[in-house]
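Undergrad: here is my input; please provide its structure:
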Amino acid sequence: MNISRLVLGFFAIGIAATFYITAMGYPAKAANMPLIYSVAVALLGAAMVCQEVFGTLRRRQLSAEGTATSHTAATEEESVSGQARHRKPWKAMLIFLLAAVYLYTISITGYLIATVGFMVVALAMIGHVSWRFAAIGIVMLVAVVCAVFIGFLGLPVPLLPPLFSS
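TA: Predicted structure coming up:
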């Protein structure tokens, strides 16, 4: 059983529950999107937990029956364990720390600068995305968030630093 996936699933459910409870205090129009997102995240977290639990139960059942001892299964397990050894868990923790810094810097630098900076640093650390697609993704994310939160919901989001927005 992959404990990391299990913990991540429960963590997602907990975060979703927190956002759901928090969004219940919002005005009706502003609460719709956070409620939808929190339910979606909770469902994805529950799916991750179920996939891990039922997958482990199925693998145990198959190995008990003796059908999962073929050479390909052994080779697949070796490659998975080899990949697990080469992972760098510090990157994930650094991204979480970076997200906390991002949330803090929004009030100082504004949403646009903080989001672009966070995305550039996070994608550079991950390193699996070309810069062209990263730039397209960053622009699309900023545009969609601005359209939803500013245009649709009418929330006061600080786009620029306080020095430039006054």
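Undergrad: give me the contact list for stretch 132-151.
TA: With contact meaning Cβ atoms under 8 Å, 6 or more residues apart in numbering, stretch 132-151 is reached by 33, 111, 112, 115, 116, 119, 120, 123, 129, 155, 157, 159. Glycine gets a C-beta too; all of them are placed from N, C-alpha and C.
Undergrad: the second one against residue 155, yeah?
TA: No. Applying Cβ atoms under 8 Å as the test, residue 111 and residue 155 come out as separate, 10.8 Å apart.
Undergrad: neighbour count: the two, which is higher?
TA: More crowded of residue 111 and residue 155, by other Cβ atoms under 10 Å: residue 111, with 19 against 14.
Undergrad: tell me the secondary structure at residue 129.
TA: Of the three states, residue 129 takes coil according to DSSP: H, G, I helix; E, B strand; the rest coil.
Undergrad: chain neighbours aside, what residue packs nearest to it?
TA: What sits nearest to residue 129 in space, not counting adjacent residues and going by Cβ to Cβ, 6 or more residues apart in numbering, is residue 123, at 5.4 Å.
Undergrad: report the buried residues of stretch 102-118.
TA: Neighbour-count burial for stretch 102-118, counted by 16 or more other Cβ atoms under 10 Å, picks out 102, 105, 106, 109, 110, 111, 112, 113, 114, 115, 116, 118.
Undergrad: buried stuff in whichever helix or strand residue 133 is part of?
TA: Assigned by DSSP states H and E, residue 133 belongs to helix 131-145. Burial within helix 131-145, assessed by neighbour count using 16+ other Cβ under 10 Å, is assigned to 134, 138, 142.
Undergrad: the last one and residue 136: what is the separation?
TA: So the one you mean is residue 142. For residue 142, the distance to residue 136 (Cβ to Cβ, to the nearest Å) stands at 11 Å.
Undergrad: check residue 42 too.
TA: Distance from residue 42 to residue 136, by Cβ to Cβ: 29 Å.
Undergrad: end-to-end on stretch 15-32?
TA: The straight-line separation of the ends of stretch 15-32 (Cα to Cα, to the nearest Å) is 17 Å.
Undergrad: please work out the average pLDDT along it.
TA: Taken as a whole, stretch 15-32 carries a mean pLDDT of 85.
Undergrad: sorry, back to before: counting by contacts, list what the strand or helix carrying the residue nearest to residue 129 packs against.
TA: Using DSSP H and E, residue 123 maps to helix 111-126. Helix 111-126 sits against helix 89-109, helix 131-145, with contacts defined as 3 or more Cβ pairs under 8 Å, 6 or more residues apart in numbering; DSSP states H and E.
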